[in-house]
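# turn this into a structure:
(one chain, ligands or ions: 2)
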Amino acid sequence: MSRIVGIDLGTSTSEIACIVNGTPKLIPNTQGKLITPSVVHIREDGSVLVGEEAAEYLFTRPDCTFMEVKRLTGSSEALHAHNKDYAPEDIQAMLLRYLVACAESFLNEKIERAVITVPAYFTDAQRRATAKAGELAGLQVERILNEPTAAALDYGLSNLKECTNVLVYDLGGGTLDVTVLEMFEGVIDVKASCGNNQLGGKDFDEIVMRNLAEAGTDERALMRLKKAAEECKIRLSDHDEHQVSLPFLLTDNDGKPVSIEKTVTRTEFEQWVEEKVASTKEPMMSALSDAKFTPQDLNVILLVGGSTRIPCVKKLVAESLSATPHSLVDPDLTVARGAAIQAGLLEGSLNNADLVLTDVCPYTLGTSVLHNGFLERRLVFDPLIPRNTTIPTEKSKIYIPSSDYQTSVRIDVYQGDSTNPDNNERLGDVLLTGIPPAKVGEESIEISFSYDMNGILQVKGSIVSTGKQVSAEISTTGVKAKPVFDLTKWEKADGARQFRPLVRKAEKQIEAGNDKTGEIAILVRQLKEALLLKNKSQVENLREELLEALDAFESLGFFK
Ligand SMILES: Nc1ncnc2c1ncn2[C@@H]1O[C@H](COP(=O)(O)OP(=O)(O)OP(=O)(O)O)[C@@H](O)[C@H]1O
Ligand SMILES: [Mg+2]
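Ligands and ions are numbered 1, 2, ... in the order given. Here you go, the predicted model:
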């Protein structure tokens, strides 16, 4: 079996590492550097340049030079160069192929297997697209690993014996990931992940650009402006001010040259990005509460990703968690090191191999069911895998077709936390046909969702009476993450207080296993959501429906 490499395929930069003599080692690229810019330039003849060499063409040939392609992962957006279309995975594959070629020449052996990291908050479709890029690059993708988990593995390897609660805050070029985990005696137990797939250093660059100049359409001028904006941002991480100087950036309508000369202070920069930086607090709090931790429970805060070098980002993390984060891992290299450690665990090449890893599914996944309410019939989202369930996991439930002589059901698959399916992200569907025609209640189907170690979802449906099965890997393109809708906060909603006794009563029935059809659970969740959304009329309807449903229980109990 050939060696497995670990690859951090980043929005701005990428790294590759592997296990050498039992420990993780970063592999230099053809320029002798450990960090490769995630830039690809395609020449007229179809040949490809990657990394720093490619980055030089960002200014002269922006039409066939690509950067920050990771943000398009899983979308169907086409990239054009020399009258040819490329999918985002095609460009990602070129990056991977280059990194692997660097490793092959460094190690002097053929590389065919890899662990590739993705943001923990990447969706199913984005994970599949990443795995596909690996295959296009000729690799067998052994594992898709969450980036913050990789950082935790790296930290964990040198702090094996300690029992520690860790929060990883990873703000890179394009994505934010927050992961909370517990480490004890070599076990790394991921409790919860939360984040934003569309927030990172590139957004700060864009804000600086907008403050430096009116957006033009000249692609070369934009590239120069973007580069100057990023330089300015980076410089302000350890200086109080920075002079931006862009002579002859554009020509105006009269053909006169326009130059930019501007001094930007750190204070100004901090004001510009304040809102974006502050928006990272919510995912931190959400991950903590999902993990059932308070900030005081945390022993270690790991800062990962280049954007955590920004002082006001560090300050926000410190203030939100009332603790000082430590620079205990290398923010640029730790994810690739962690990927190599995962590779080492798979191939058994690690010196200190007593490391066990568990991870979670960061999203709630489920289907939609027709709910025959007392007042109305409506579709409701029914979760099968609640968010932050430890993976791999498989959950199944029995459902009943909703009308007489129905011979097929469409199993819709959603990701999200709202009881209303329309507010969640639709991932796709699976059609189950061939149900023997019968009256409602005589036939039933079993739906099962399984979520593997790579974070990839498989949906199965089977007819209980005949055993007929259908299954599909759910894949869609362009799925975006939705903000987490946290039902656990319902008690804080206006007017929620008076509903506590009712909800408690209902939850007791559920806990006692009396809610056979799942009806009470659905009503409780809908009620909590309606309270949070301040939907008064729905709250009233749901209260009545819930009372009615509970009454039915009590009368059943009475006759037993
Ligand atoms: N000293 C610094 N101050 C501020 N920002 C910085 C600094 N150094 C790097 N950055 C920013 O960090 C980002 C790159 O970080 P990193 O390489 O960790 O991201 P990535 O892994 O490519 O992205 P992602 O993990 O989101 O896919 C860029 O936006 C870069 O401008
Ligand atoms: Mg990264």
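# got a list of what Gly461 touches?
With contact set as CB atoms under 8 Å, 6 or more residues apart in numbering, Gly461 has these partners: 409, 411, 430, 432, 445-448, 469-471. From N, CA and C alone the C-beta is placed, and that goes for glycine too.
# how about 10 Å then?
Neighbouring residues of Gly461 by CB atoms under 10 Å, 6 or more residues apart in numbering: 367, 396, 399, 409-411, 430-433, 435, 445-448, 468-472.
# just these: which are in strands?
When DSSP state E defines the strands, the subset of the contacts of Gly461 inside them is 367, 396, 399, 409-411, 430-432, 445-448, 469-472.
# please indicate which of the residues you listed are buried?
Buried by 16 or more other CB atoms under 10 Å: 367, 399, 409, 411, 430, 432, 445-448, 472, out of the ones in strands among the contacts of Gly461.
# and those residues, which is closest to ligand 1?
Closest approach between these and ligand 1, by CB to the nearest ligand atom: Ala472, at 28.9 Å.
# once you drop chain neighbours, what's closest to the closest one?
Sequence neighbours aside, Val430 is the residue nearest to Ala472 in space, at 4.6 Å (criterion: CB to CB, 6 or more residues apart in numbering).
# for Ile116, same thing?
Ile7 is the one closest to Ile116 (CB to CB, 6+ apart), at 5.0 Å.
# contact residues of the stretch 51-200 of the chain facing ligand 2?
Counting by CB under 5 Å from the ion, the residues of the stretch 51-200 of the chain close to ligand 2 are Gly172.
# hmm, who's touching stretch 243-257?
208, 211-214, 216-218, 220-222, 224-225, 227-229, 231-232, 235, 258-264.
# got a list of what the closest residue to Ile400 other than its chain neighbours touches?
With sequence-adjacent residues excluded and distances taken as CB to CB, 6+ apart, Ile400 is closest to Ser444, at 5.2 Å. Residues in contact with Ser444 (CB under 10 Å, 6+ apart) are 398-401, 435, 438, 462-465.
# just the buried residues of those residues.
399-401, 435, 462-463.
# save those as JSON lines, and put in distance to ligand 2 and pLDDT too.
Shown next, in JSON lines, are the buried ones among the contacts of Ser444 (distance: CB to the ion, whole Å; pLDDT from 0 to 100):
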{"residue": "Tyr399", "distance to ligand 2": "40", "pLDDT": "89"}
{"residue": "Ile400", "distance to ligand 2": "46", "pLDDT": "87"}
{"residue": "Pro401", "distance to ligand 2": "46", "pLDDT": "85"}
{"residue": "Ile435", "distance to ligand 2": "47", "pLDDT": "88"}
{"residue": "Ser462", "distance to ligand 2": "40", "pLDDT": "90"}
{"residue": "Ile463", "distance to ligand 2": "45", "pLDDT": "91"}
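# partners of the host helix or strand of Asp189, with directions?
Using DSSP states H and E, the element containing Asp189 is strand 187-196. Under the criterion DSSP bridges, strand 187-196 sits next to strand 176-184 (antiparallel), strand 356-361 (parallel) in its sheet.
# tell me the mean pLDDT for the shortest one?
On average, the pLDDT along strand 356-361 is 84.
# what helices or strands is the helix or strand that Arg525 is a member of leaning on?
According to DSSP H and E, Arg525 maps onto helix 519-532. Judged by 3 or more CB pairs under 10 Å, 6 or more residues apart in numbering; DSSP states H and E, helix 519-532 is in contact with strand 365-372, strand 377-385, helix 500-511, helix 536-559.
# starting at the chain centroid, how far to it?
27 Å (CA atoms, centre = their mean, to the nearest Å).
# and the stretch 1-150 of the chain, which of its residues are near ligand 1?
10-13, 38, 70 (CB under 6 Å from any ligand atom).
# which among those gets closest to ligand 1?
Gly10 (2.5 Å).
# surely Asp382 is in contact with Gly366?
Yes - in this structure, Asp382 is within contact of Gly366 by CB atoms under 10 Å, at 5.2 Å.
# neighbour count winner among the two?
The residue with more neighbours, out of Asp382 and Gly366, is Gly366; 25 against 20, by other CB atoms under 10 Å.
# which ones are touching Pro383?
With CB under 10 Å, 6+ apart, Pro383 has these contacts: 363-367, 389, 395, 397, 414-417, 419, 424, 449, 521-522, 525.
# can you do 8 Å?
364-366.
# just to revisit the earlier point, highest neighbour count among the residues of the stretch 1-150 of the chain next to ligand 1?
That'd be Lys70 among these, by other CB under 10 Å, with 30 neighbours.
# any idea how far ligand 2 is from the closest residue to it other than its chain neighbours?
Nearest residue to Lys70, sequence neighbours excluded (CB to CB, 6+ apart): Thr11, at 4.3 Å. Per CB to the ion, to the nearest Å, Thr11 is found 7 Å from ligand 2.
# doesn't Thr11 fall inside a strand?
No - under DSSP: H, G, I helix; E, B strand; the rest coil, Thr11 sits outside any strand and is assigned coil.
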